[in-house]
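Colleague: Can you look at this prediction? I've put the sequence above it.
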Amino acid sequence: MGAYGLVRINMELLPHAHSIFSPWLVIVGTMQIIYAASTSSGQRNLKKRIAYSSVSHMGFIIIGIGSITDTGLNGAVLQIISHGFLGAALFFLAGTTYDRIRLVYLDEMGGIAIPMPKIFTMFSILFDGFPCITGHERFCFRTDSLFGIITSQKYLLMPKILITFVMAIGMILTPIYSLSMSRQMFYGYKLFNAPNSYFFDSGPRELFVLISIFLPVIRYWYLPGFRSLIIS
């Protein structure tokens, strides 16, 4: 909602003020990417790791809005929509996992992929699997924000290089903490070998909610006309 407010209120109602303060937006977004991504890697709590990763992704959105270019704004809008669907799905999966195993710390998990293959599959697709196929904003739409800041006429060459370097570091850190989370949750035999280690997998209700969130993401990624309608 905050990013939507920046687009609808700052850019449309206060364009001159937005042009003046856009460098500060870019600075805040740059700091946000590095701080939240590095902090996410050290979180033991599953929901906190997802939350800090969301903060890091918002940094790319802010940079796209602050670039004052069509390409950067398109990337920011697409990331807002994609992040709304996928963030909700990830937190829903985190809640479903906690409801099944009653554990929230990653170092206490392990081997969940064996008793709960459906949750493992959905987590992999949404968090770190096939990002381009599902329209994942972490991999695909960030490039629009990146090209937006590179092609912007408002910023000098050295700030562009610095911001691009920070965004590249953020793109590198994203698979580090996402793959680390998947390894701690789903691989190994910690829970699989534990006594009373039978857990219920995702049921019809959970699958219905996840598919309802997942289908719009696939639709606006595969249909260029639908994407153009969203941007317009």
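Modeller: Looks like it arrived, so ask away. Residues are numbered from 1 along each chain as shown.

Colleague: and the longest helix for this protein?
Modeller: helix 70-101 (DSSP state H).

Colleague: wait, isn't Thr164 in contact with Ile150?
Modeller: Yes: in terms of Cβ atoms under 8 Å, Thr164 counts as a neighbour of Ile150; the distance is 6.3 Å. Quick note: C-beta positions are derived from backbone N, CA and C, even for glycine.

Colleague: residues of the helix or strand where Gly5 lies that come out buried?
Modeller: If you go by DSSP states H and E, Gly5 is part of helix 2-5. Within helix 2-5, the residues that count as buried by 16 or more other Cβ atoms under 10 Å are Ala3.

Colleague: Now the element after the longest helix of the chain, going C-ward?
Modeller: Next helix or strand after helix 70-101 toward the C-terminus (DSSP H and E): helix 117-123.

Colleague: Quick one: mean pLDDT over that following helix.
Modeller: Mean per-residue pLDDT for helix 117-123: 84.

Colleague: Can you give the contact residues for it?
Modeller: With contacts defined as Cβ atoms under 8 Å, 6 or more residues apart in numbering, helix 117-123 is touched by 89-90, 93, 96-97, 100, 112-113, 182, 185-186, 201-202, 207, 210, 214.

Colleague: Let me know the secondary structure of Gln153.
Modeller: Following DSSP: H, G, I helix; E, B strand; the rest coil, we place Gln153 in the coil state.

Colleague: That one: how many residues sit nearby?
Modeller: Number of residues near Gln153 (other Cβ atoms under 10 Å) recorded here: 6.

Colleague: backbone phi and psi for it, please?
Modeller: With angles defined as degrees, to the nearest 10, Gln153 sits at phi -90, psi 0.

Colleague: Would you mind listing the buried residues in the helix or strand harbouring Ile176?
Modeller: In this assignment (DSSP H and E), Ile176 forms part of helix 157-186. Residues of helix 157-186 classed as buried by neighbour count (16+ other Cβ under 10 Å): 159-160, 163, 166-167, 170-171, 173-174, 177-178, 181-182, 184-186.
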